[in-house]
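>>> Kindly return the folded structure for what I paste below:
(one chain, ligands or ions: 1)
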Amino acid sequence: MRTPIIAGNWKMNMNPEQTAEFVKAVKDQLPDSSVVESVIAAPAVDLPALLENAKGSDLKVAAENCYFEDEGAFTGETSPKVLKEMGVDYVVIGHSERRDYFHETDEDINKKAHAIFRNGLTPIICCGESLETREAGNAEKWVEEQVTAALKGLTGEQVASLVIAYEPIWAIGTGKTATADQAEEICKVVRETVANLYDQTVADKVRVQYGGSVKPENVKELMSKENIDGGLVGGASLVPDSYLALVNYKG
Ligand SMILES: O=C(CO)COP(=O)(O)O
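Residues are numbered from 1 along each chain as shown. I've put the predicted structure just below:
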């Protein structure tokens, strides 16, 4: 049985004070983490406030990015080793915004995945096609290639423990959600890709999230799909009531 995982991705929208207020507002109303895992991915500058206020609650903490080296002369980067020392659980890597605006390559993302595991953290690896790729009929192949590249050299045990987020770029921040069937179709491709690269046991364990305009109104239908184990949520994760409605989708 895969434990559902709903993660807010705050992107660059909150400061430490807002972070503390948010966590205080939600921490006692989260589902038990063995039933649904509630995660917030926050900018590095907000992680201390997030961790401090989430202590003793069911809220898990993710960084939005990290570097693939543990330490050294890498001005402006975030060390996965330090994230682990701070008490972070997950690191989001390969988000389309990082790929597009910061020119992250499949190779960078693969190196980051290795660095995250080396430091005892768990990656949430993002993949997803542009509208152009979808309209050309290449969405499945695109996602299969991104997943294959991101997982290169990881063990079956590592892959069974990680999270892959399918986020079609055309559905991010646009209000345009993939239909639950469209989302399921590609999340299934993600799982099949893992089965082909590893085996069915690993594929049955890996958790696959859908992301792109997920909100309280559509989360239940998306989560009812066989291959969708969670959501990676931007805009709708920024307000406590909306976040609570998402993580408590089971009622
Ligand atoms: O990019 C996303 C989450 O990582 C999705 O963002 P929205 O939920 O705002 O569409």
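>>> just for the stretch 51-200 of the chain, where's the confidence low?
Regions of the stretch 51-200 of the chain meeting the criterion pLDDT under 70 are absent.
>>> of all the residues in it, which ones are close to the ligand?
His95, Glu167, Ile172, Gly173 (C-beta under 6 Å from any ligand atom). (Each C-beta comes from the backbone N, C-alpha and C, glycine too.)
>>> which one is the first one nearest to, not counting chain neighbours?
Using C-beta to C-beta, 6 or more residues apart in numbering and skipping the chain neighbours, the partner closest in space to His95 is Cys126 (4.7 Å).
>>> Wasn't Gly137 part of a strand?
No - read with DSSP: H, G, I helix; E, B strand; the rest coil, Gly137 is coil and lies in no strand.
>>> Report the contact partners of the residue in the stretch 101-250 of the chain that the ligand sits nearest to.
Going by C-beta to the nearest ligand atom, the ligand is nearest to Gly234 of the stretch 101-250 of the chain, at 2.4 Å. Residues near Gly234 by C-beta atoms under 8 Å, 6 or more residues apart in numbering: Gly8, Asn9, Trp10, Lys11, Ile172, Gly173, Gly211.
>>> tell me the pLDDT at the third one?
Right, Trp10. Note for Trp10: predicted pLDDT of 98.
>>> Weed out the non-buried ones from the residues of the stretch 51-200 of the chain next to the ligand.
His95, Glu167, Ile172 (16 or more other C-beta atoms under 10 Å).
>>> mind checking how far the residue in the stretch 1-150 of the chain positioned nearest to the ligand is from Gly235?
Among all residues of the stretch 1-150 of the chain, Asn9 sits closest to the ligand, at 3.6 Å; criterion: C-beta to the nearest ligand atom. Using C-beta to C-beta, to the nearest Å, Asn9 is found at 10 Å from Gly235.
>>> Neighbour count for the two, which is higher?
Between Asn9 and Gly235, Asn9 has the larger neighbour count (other C-beta atoms under 10 Å), namely 27 against 18.
>>> and the more buried one, what does it touch?
Going by C-beta under 8 Å, 6+ apart, Asn9 touches Ala41, Glu64, Val92, His95, Gly211, Leu232, Val233, Gly234, Ser237.
>>> Now the last one: closest residue in space, sequence neighbours ignored.
To tie it back to what came earlier, the one meant is Ser237. Spatial nearest neighbour of Ser237, chain neighbours left out: Gly8 (2.7 Å); criterion: C-beta to C-beta, 6+ apart.
>>> Surely that neighbour touches Ala245?
No - contact status for Gly8 versus Ala245: not in contact, 11.8 Å apart, counting by C-beta atoms under 8 Å.
>>> More neighbours: those two, which one.
Remark: of Gly8 and Ala245, Gly8 carries more neighbours, 29 against 16, as counted by other C-beta under 10 Å.
>>> quick revisit: among the buried ones among the residues of the stretch 51-200 of the chain next to the ligand, which ones are in strands?
Among these, no member is found in strands (DSSP state E).
>>> Could you report the neighbour count for Asp28?
That count, for Asp28 with other C-beta under 10 Å as the rule, works out to 8.
>>> contacting residues around it?
The contact partners of Asp28, taken as C-beta under 8 Å, 6+ apart, are Ser57.
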